[in-house]
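> Structure of the sequence below:
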Amino acid sequence: MGDICRRLKIIGLTFRSSTRIIVLAGLLGFAPVAEADPESMTRVLVSLDRPDAATVMIDMDLTVLLGDPARYYALASGTGPQHEADVRHVAERITQVLPLFAGQRALPATFVSYGFSFKSREEYMDLAADKPAHFQFDVPLPPDGGPLQLRIPLGAQIDYPVAYTLQFPERHFTQTRWLDAGQHESLAFDYRGKLPVRHAEQPASFDPDTLSWWQQLPVYLKLGFKHIVPEGTDHILFVLGLFFLGISWRKLLSQTTVFTVAHATTLFLSTYGIFELPSRFVEPAIALSISFVGLENVFSPRLGIVRLLVVFAFGLIHGFGFASSLSEVPFPKRDFIGALLGFNLGVDAGQLFIILLATLAVGWFRKRPWFRSRIAIPGSLVIAAIGLFWAGQRILAYHLLF
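From the prediction side, this is the model:
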């Protein structure tokens, strides 16, 4: 009787553990990911370049604001009086989701100019493509106003993170602060008595080189971590596929090291413009790599030179995916290597975090004889199925078969 109870207890534990993995992977699989995790961002530059007003430049992808990439393309490619009216309406909406305040007073923004990225329709439909719109406004600064602050309303239809830059051209001063999802207010700045006596001649511009390397490092560390957790659903599944080959330090360390070296190599080459691959090939290949690793865990669960070469090859592909989704992120020219290293370290931290969570969820049972048959194989099959589903989604989205 005691033996039967022990067996039932083991079955219950393994069932619950398997269910955790399947539910987690299922939730990831039903996410809307025809394209991989785009690292879109919003940039707001406030240049205090006049005695009584500021020049405000906003670069942002309008897909979220408009609710449809097709609408974004129609706006970017339109002409005529109705198009101008539509652009002004969008400009008004931008000032509503990214309003500036002086104390408790909302500052009115006068629309000055706009510009759209010169991209094809396919690129506008590609959520991973870099296609920001540029809008410029004039904002009056009352002499008796309170501290200047950006206040993003709850539920604002924008992409995070938001890079908020305050610039004094006359004093050659620039300060950039990042707002992540859940942060809605920038630091307040008291501009009274600090405005220039005449219009500054130096044009306003975004420049990440105004941050020192020790300020840049945590910024890009955070971006790298966020690119995996929570945004990198496909990269999370790939790491889980490596995890389910077998939970031992030798297997995990060797695979993750090879994967890291590979994706860091292609990220460097692509970011420098040395070698690039179009998203329409990279994104389906990433999905197929997830499926391949999951199936290999089931039918050929051995760590050897072939497995490491496969992981390395897929790491190269994932590196191109990182580079594609990071095309909007402004990397500094002066400390480019340090920023890129910080991003890669953030990615590695995200991968280790996923491995830690998976270990806490099912690692307790790794030495049980039933671990592979009841946890590793079901988990790998679910991962493979999601990879195939994503591959089909992306092939259809990019019209690769037609």
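
> and residue 193, which of the three is it?
Three-state assignment for residue 193 (DSSP: H, G, I helix; E, B strand; the rest coil): coil.

> Please report the distance of residue 187 from residue 169.
According to CB to CB, to the nearest Å, residue 187 and residue 169 sit 20 Å apart. (C-beta placed from N, C-alpha, C; glycine too.)

> Settle it for me: which of these two has more neighbours?
Of the pair residue 187 and residue 169, residue 169 is the one with more neighbours under other CB atoms under 10 Å, namely 20 against 13.

> what about the more buried one, distance to residue 98?
21 Å.

> Equivalent analysis for residue 385, please.
Going from residue 385 to residue 98 by CB to CB gives 41 Å.

> cool, and residue 118?
Separation of residue 118 from residue 98 (CB to CB) stands at 24 Å.

> which stretch of helix or strand covers residue 256?
helix 249-271 (DSSP states H and E).

> before we move on, what about residue 391?
Here residue 391 sits within helix 377-397, counting by DSSP H and E.

> Can you point out the buried residues in that helix?
For helix 377-397, the neighbour count (16 or more other CB atoms under 10 Å) marks 377-388, 390-391, 393-395, 397 as buried.

> So for it, mean pLDDT?
Per-residue pLDDT over helix 377-397 has a mean of 90.

> Tell me which other helices or strands it touches.
Counting contacts by 3 or more CB pairs under 8 Å, 6 or more residues apart in numbering; DSSP states H and E, helix 377-397 packs against helix 2-29, helix 233-243, helix 279-299.

> Go again with 6 Å.
With contacts defined as 3 or more CB pairs under 6 Å, 6 or more residues apart in numbering; DSSP states H and E, the packing partners of helix 377-397 are helix 2-29, helix 279-299.

> What is the subsequent helix or strand relative to the shortest one?
The one in question is helix 279-299. Downstream of helix 279-299, the next assigned helix or strand under DSSP H and E is helix 305-325.

> Buried residues, that following helix. List them.
Going by neighbour count (16+ other CB under 10 Å), the buried part of helix 305-325 is 307, 310-312, 314-325.

> by how many degrees do it and helix 279-299 diverge?
Counting by axes from the mean of the first three to the mean of the last three CA atoms, to 10 degrees, helix 305-325 points 150 degrees away from the direction of helix 279-299.

> average model confidence for the helix or strand just after helix 305-325?
Scanning forward in sequence from helix 305-325 by DSSP H and E, the next helix or strand is helix 336-362. Here helix 336-362 scores 86 as its mean pLDDT.

> Centre of the chain to helix 336-362, how far?
Computed by CA atoms, centre = their mean, to the nearest Å, the chain-centroid distance of helix 336-362 equals 14 Å.

> what's the distance between the following helix or strand past that helix and the middle of its chain?
Once helix 336-362 ends, the next helix or strand along the chain (criterion: DSSP H and E) is helix 371. Chain-centre distance of helix 371: 34 Å, with CA atoms, centre = their mean.

> among the helices and strands packed on helix 377-397, which gets the worst mean confidence?
When these are compared by mean pLDDT, helix 2-29 comes last with a mean of 45.

> Tell me which helix or strand comes right after that one.
As assigned by DSSP H and E, the chain's next helix or strand after helix 2-29 is strand 42-47.

> So which elements touch that next one?
strand 53-60, strand 162-168.

> Run through the neighbouring helices and strands of the very next helix or strand once past the longest one.
The first helix or strand that comes after strand 53-60 along the chain, using DSSP H and E, is helix 63-66. For helix 63-66, the packing partners by 3+ CB pairs under 6 Å, 6+ apart come out as helix 69-77.

> Report the rounded mean pLDDT for the helix it packs on.
93.

> Now find how far off-centre it is within its chain.
Offset of helix 69-77 from its chain centre (CA atoms, centre = their mean): 22 Å.

> got the buried residues for that helix?
Residues of helix 69-77 classed as buried: 69, 71, 72, 73, 75, 76 (neighbour count, 16+ other CB under 10 Å).

> do stretch 118-129 as well
119, 123, 124, 125, 126, 127, 128, 129.

> Save the helices and strands packed on strand 42-47 as CSV, and put in distance to residue 371 too.
Shown next, in CSV, are the helices and strands packed on strand 42-47 (distance: least, CB to CB, whole Å):
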stretch, distance to residue 371
strand 53-60, 47
strand 162-168, 44
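
> I'd like the ones you listed laid out as JSON lines, including mean neighbour count.
Below are the helices and strands packed on strand 42-47 laid out as JSON lines (neighbours: other CB atoms under 10 Å):
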{"stretch": "strand 53-60", "mean neighbour count": "22"}
{"stretch": "strand 162-168", "mean neighbour count": "22"}
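
> which one of the ones you listed has the lowest average pLDDT?
Sorting the helices and strands packed on strand 42-47 by mean pLDDT places strand 162-168 lowest, at a mean of 85.

> which residues are in contact with the helix or strand that that one is followed by?
Next helix or strand after strand 162-168 toward the C-terminus (DSSP H and E): strand 173-179. For strand 173-179, the surrounding residues in contact (CB atoms under 6 Å, 6 or more residues apart in numbering) are 161, 162, 163, 164, 165, 166, 167, 187, 210, 211, 219.
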